[in-house]
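Fold the following and give me the result.
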Amino acid sequence: MTINELLAPDQPITWLPWAVQYFFLIGLAYGALWLGAAALWRKAPDSRLQTLAAVLMMGAGVVAPIALTADLHQPARAWHFYAQTRVGSIMWYGAYLLPLFSLLSMLFGWLLLRPNLARRGEDHDRVAALARLLCLGHWPSEPWLKPLALMAALSGLSIALYTGLETMAVQARPLWHTPWLPWLLALSAVLAAQSALLLLNRLLAGWQGHTEAGLLRQIRPTLALLALSLLGWALFGGASAAEASALYRLDPSWRLAAHWLLLTLGLLGLLLLAGHRLSLRLQSWGVALLALHLVWGLRWLVLIQGQLVPKYGAGVYVYQIAWGPAGVLGILGTFGLLLALLVALSELVRASALPSVTHSSATQASTTHSAREAL
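Numbering: from 1, shown residues only. Predicted coordinates:
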């Protein structure tokens, strides 16, 4: 009897956790942009939702390109995209689409925040002086909102397609090479944006119950559509679904991650279905945190765990996340930078903490009750 042994030398993964952070954060940015833009065409626009969407899209829109640049391994080579013409490369198009998206999302977010900046500028501290400066004068921004919202939403769509297609284009990885992937990434990005806005409504001053109720109503169909899409991919995903099934059988780390995500999906669905038995505060915190964990974990499973299969060879690689900038420190650093930007933006747009002397005691009591309810 002849025994043939196949040796697969361990290779480091190419896309580091920086890529997971980029895919997650850019999804938050264009998802928040779409939600903020859609709110403009409602009969009764939710100003609280628009403010939160602007804060999220501007914060995530700044951090995401930083994570993408870090994932180039040699960030200084980013200028190569502009020094060479590569019409056959999807990343070459992204080098132009991403700065355009950043510019349009910043302009759109700034227009949404101008009323808040103007109100913040009525105070007499240093932050108020900066808010008055950022308003750039006293002129109406409403005529510019809808046209810019349309352009920014289309730019967000181009980024959603770009981020999905740059992964789908890798034919050597059957798991990625499927038309289901761009759709799943974009849909889960919307779910993440809705959940992040739900969380920000609780964390930032000015909690609004109708904003929270509206976001919960939006999350239910989004999650249901995502679950159906995952089922559709599993049943009709072809080689991609077959690769995932093989990974599930062969790789214990993939199997553990898949079980963890399915458990998170089940808990999230159960919380949404039986949430009326819980307090609104507990339901909102639970839904927001579980949904964000689900979306981030889905990107980790696809991008990091998906690279553990050799493009040409047998077996699976063993991956151990590093503690330095290419691993845990990079993940914490990007989230820390996002948190710092969200805090800075929220300070610029928050209302004055001191009630005016013209406010009635009933108004003060209502404000105090709302603040306590939010926490």
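
Can you list the low-confidence ranges for the stretch 101-250 of the chain?
For the stretch 101-250 of the chain, no stretch has pLDDT under 70.

Quick one: the helices in the stretch 1-150 of the chain, in order.
For the stretch 1-150 of the chain, the helices defined by DSSP state H, counting those that start in this stretch cover 17-39, 47-70, 80-83, 90-120, 126-135, 142-168.

can you check the stretch 251-375 of the chain too?
Counting by DSSP H, counting those that start in this stretch, the helices of the stretch 251-375 of the chain are 252-273, 280-303, 328-349, 361-374.

quick one: contacts of the third one?
Pointing back at helix 328-349 there. Residues outside helix 328-349 that contact it (CB atoms under 8 Å, 6 or more residues apart in numbering) are 16-18, 20-21, 25, 51, 55-56, 58-60, 62-63, 66-67, 70, 113, 116-117, 120, 127, 130-131, 134, 200, 204-205, 321-325. Bear in mind the C-beta positions are built from the backbone N, C-alpha and C, glycine included.

coming back round to it: out of the helices of the stretch 251-375 of the chain, which gets the lowest mean score?
Lowest mean pLDDT of the helices of the stretch 251-375 of the chain: helix 361-374, a mean of 43.

Who are the contact partners of Leu184?
Taking CB under 8 Å, 6+ apart as the test, what Leu184 contacts is Leu226, Ser229, Leu230, Trp233, Leu298.

mind running it again at 6 Å?
Residues near Leu184 by CB atoms under 6 Å, 6 or more residues apart in numbering: Ser229.

That one is in what secondary structure piece?
Leu184 is part of helix 180-203 when elements are defined by DSSP states H and E.

After that helix, which helix or strand is next?
That would be, after helix 180-203 and using DSSP H and E, helix 209-236.

Next, the angle helix 280-303 makes with the next helix or strand after that following helix.
Following helix 209-236 in sequence order, the next helix or strand is helix 239-250 (DSSP H and E). Angle, helix 239-250 to helix 280-303, by axes from the mean of the first three to the mean of the last three CA atoms, to 10 degrees: 100 degrees.

How about residues contacting helix 239-250?
With contact meaning CB under 6 Å, 6+ apart, helix 239-250 is reached by Pro174, Leu175, Thr178, Ala234, Trp254, Arg255, Ala258, Val316.

Same question for stretch 278-295.
With CB under 6 Å, 6+ apart, stretch 278-295 has contacts from 188, 191-192, 195, 198-199, 212, 264-265, 267-268, 271, 275.

The residues you listed, buried ones only, as a ChimeraX selection?
To isolate in ChimeraX the members of the contacts of stretch 278-295 that are buried, counting by 16 or more other CB atoms under 10 Å, one can use:
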select :188,191,192,195,198,199,212,264,265,268,271,275
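
Could you export the contacts of stretch 278-295 to a markdown table, including columns for distance to Ala38?
Formatted as a markdown table, the contacts of stretch 278-295 follow (distance: CB to CB, whole Å):
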| residue | distance to Ala38 |
| --- | --- |
| Ser188 | 18 |
| Leu191 | 15 |
| Ala192 | 16 |
| Ser195 | 16 |
| Leu198 | 16 |
| Leu199 | 19 |
| Glu212 | 17 |
| Thr264 | 27 |
| Leu265 | 25 |
| Leu267 | 28 |
| Leu268 | 23 |
| Leu271 | 25 |
| Gly275 | 24 |
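
Please work out how many residues are found near the closest residue to Ser47 other than its chain neighbours.
Closest residue to Ser47 apart from its sequence neighbours, by CB to CB, 6 or more residues apart in numbering: Pro115 at 7.6 Å. When neighbours are defined as other CB atoms under 10 Å, Pro115 has 16 of them.
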